[in-house]
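Quick one, what's the 3D model for this:
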Amino acid sequence: MNQTVLVTGGAGYIGSTVAAELVGSGRRVVILDDFCKGHREAIPAGCEVVEGAVQDGALLDDLLARHRPQAVLHFAAFIEAGESMRDPGLFFRNNTCGTLSLLEAMVRNQVLRLVFSSTAAVYGTPERVPIVEDAALQPTNAYGESKLLVERMLDWFGRIHGLRSASLRYFNAAGNTPERGEHHEPESHLIPILLEVALGQREHASIFGTDYPTPDGTCVRDYIHIQDLASAHLLALDALERPGCPPRLVYNLGNGQGFSVREVIQTVRQVTGHPIPVVEGPRRPGDPALLVAGSEKIRRELGWEPRFPTLESIVASAWEWRRRHPHGYS
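Residues are numbered from 1 along each chain as shown. The predicted model follows:
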């Protein structure tokens, strides 16, 4: 294709997987990452890597002017909802203000295509499930609000500057590829925490809240495999280049199935063959009871289909990588 794309946060869990898909499609990939969360070992071969932050307008101007990318795929953000309820300013400064810096640099350099890593957290506690894209946007945590503010900015940048953007609202990204996997420090995502218990690196897992209005009292989430997530980004990128594409696309990304915390724990027990001791505790602030995606829109409009639709296949891929990398990238 001989296309050049800029991937911000390309050393992270999702960004590096999407970068690998982009390289595999024949595109030239430039990665911008400040490595406060990402891992150099996750970056696929063939990418040019620039160390820096999206808040650095001068660096962005230089990057965009030198490489003239056709589009930007933006993953550089903090993602921990619980942490956002302890330090909201950190998330608004990094996620919202950082993206504003990026958008202004893109406009200055006439790079007017963006695929944005958004989140189901923009919906908050939904009025109906599965959640569709026109549902009310009412985040219950600062992380979701930081992403929703970006989506609102994208609308105005589209109207005023001609920016075309695709906002992909992820539900729970999970699973690993053979080459790269999920590793956060500290780890707060359920499946990798359960795998650490299976490996003997933690004594137990915690269940935060057992009195939610769900069948077994624990939160219910929709899990999507990281490779299915990555394939959707390439479809969205292609869609932005089509004549007549609307200035703003919005898609949910999930499997359309919900699994409770207890169900995930039981699946990990079955896949790993290890007992997973658990300790029950109170709810965390900002956690909705039920988040399940309605992803029919992206299936219908872009032809997206998940290749790993079962929780067992997602957990098995995560376990395979973690067994070979018991300490992640450390």
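
What ranges does this structure have for its strands?
4-8, 28-33, 48-51, 71-74, 113-119, 164-170, 172-174, 205-208, 220-221, 223-225, 248-253, 259-260, 278-281, 290-291 (DSSP state E).

Next, the residues that contact the third one from outside, please.
Okay, so that is strand 48-51. Residues lying outside strand 48-51 but in contact with it, judged by CB atoms under 8 Å, 6 or more residues apart in numbering, are 10-11, 28-35, 40, 43, 59, 63, 67. For every residue, glycine as well, the C-beta is placed using N, CA and C.

try 6 Å
30-32 (CB atoms under 6 Å, 6 or more residues apart in numbering).

closest to A81 among those residues?
L32 (24.5 Å; CB to CB).

Run through the bridge partners of V5.
V29, A71 (DSSP bridges).

count of neighbours near it?
26 (other CB atoms under 10 Å).

any idea how far E21 is from it?
11 Å (CB to CB, to the nearest Å).

what does E320 give?
Distance from E320 to E21, by CB to CB: 19 Å.

Compare those two (neighbour count), which wins?
More crowded of E320 and E21, by other CB under 10 Å: E21, with 20 against 16.

In contact with the more buried one: list those residues for me.
230, 234.

Could you list the domains of the chain?
As assigned by automatic domain parsing, the chain contains the domains 4-174+224-253, 190-221+256-324.

Could you save these as JSON lines and add columns showing distance to H184 and mean pLDDT?
Converted to JSON lines, those look like this (distance: least, CB to CB, whole Å; pLDDT from 0 to 100):
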{"stretch": "domain 4-174+224-253", "distance to H184": "7", "mean pLDDT": "97"}
{"stretch": "domain 190-221+256-324", "distance to H184": "7", "mean pLDDT": "96"}
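
For G181, find the nearest of those.
When the domains of the chain are ranked by distance to G181, counting by CB to CB, first place goes to domain 190-221+256-324 at 3.8 Å.

How far away from the center of its chain is that closest one?
Put simply, domain 190-221+256-324 sits 15 Å off its chain's centre (CA atoms, centre = their mean, to the nearest Å).

Show the end-to-end separation of that domain, please.
Start and end residues of domain 190-221+256-324 are separated by 19 Å (CA to CA, to the nearest Å).

Equivalent analysis for stretch 120-135, please.
Across stretch 120-135, first to last residue, CA to CA, it's 11 Å.

likewise stretch 28-47?
Stretch 28-47: ends 7 Å apart by CA to CA.

what sits up against it?
With CB under 6 Å, 6+ apart as the test, stretch 28-47 has contacts from 4-12, 16, 19-20, 22-23, 48-50, 52-53, 67, 180, 329.
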